[in-house]
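> A structural model of the following input is requested.
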Amino acid sequence: MKFSDVPILLEGEILFDASAGNDVIDKAYAADLLSDVLALTEERTTLITGTISPQVIRVAEILNVIAIIFVRGKRPSQEIIDYAQRLDIPMLTTRKTMFETCGLLYANGVRPCKNRTADE
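Alright, predicted model coming up:
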């Protein structure tokens with residue numbers, strides 16, 4: 001699904017759209033613990049989170065995250081939005097819960113990324 005379709009599906013608001021909505025969202029990982037994101041997910045995924053600290057953008061940069069979806073009505077500061085803009089990482093916010101967001105995306109073809117284990 002295209003990033004531009006996600007705000008409609010999630011009744012969300014685009015905070016920054018790096019590519020005019022043409023990025024394809026095909027896999028995602030959801031977590032609020034950034035250490036889990038770093039340890040357990042793969043690169044080139046969509047990050048679904050309720051964490052709005054600058055570290056989210058740093059993690060996204062490290063993992064080459066293709067988009068960030070903030071859930072539960074969380075909205076990062078303008079400083080964080082500007083930081084994502086400098087890195088060209090699209091972001092949106094939705095009032096939906098993480099569970100609802102994941103379910104809607106899954107029902108529309110987005111699949112979970114590979115979940116690495118601590119043993120790898």
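> so who does the residue lying closest to F70 once chain neighbours are set aside touch?
Once flanking residues are discounted, F70 sits nearest to T93: 4.4 Å by Cβ to Cβ, 6 or more residues apart in numbering. Quick note: C-beta positions are derived from backbone N, CA and C, even for glycine. By Cβ atoms under 8 Å, 6 or more residues apart in numbering, the contact set of T93 is 12-13, 15, 69-71, 73-75.
> who are the packing partners of the helix or strand of the chain with the lowest mean pLDDT?
Every helix and strand in the chain was compared by mean pLDDT, DSSP states H and E; the lowest is helix 34-40, with a mean of 86. The helices and strands touching helix 34-40, judged by 3 or more Cβ pairs under 8 Å, 6 or more residues apart in numbering; DSSP states H and E, are strand 46-49, helix 54-62.
> low pLDDT regions in this protein?
19-22, 115-120 (pLDDT under 70).
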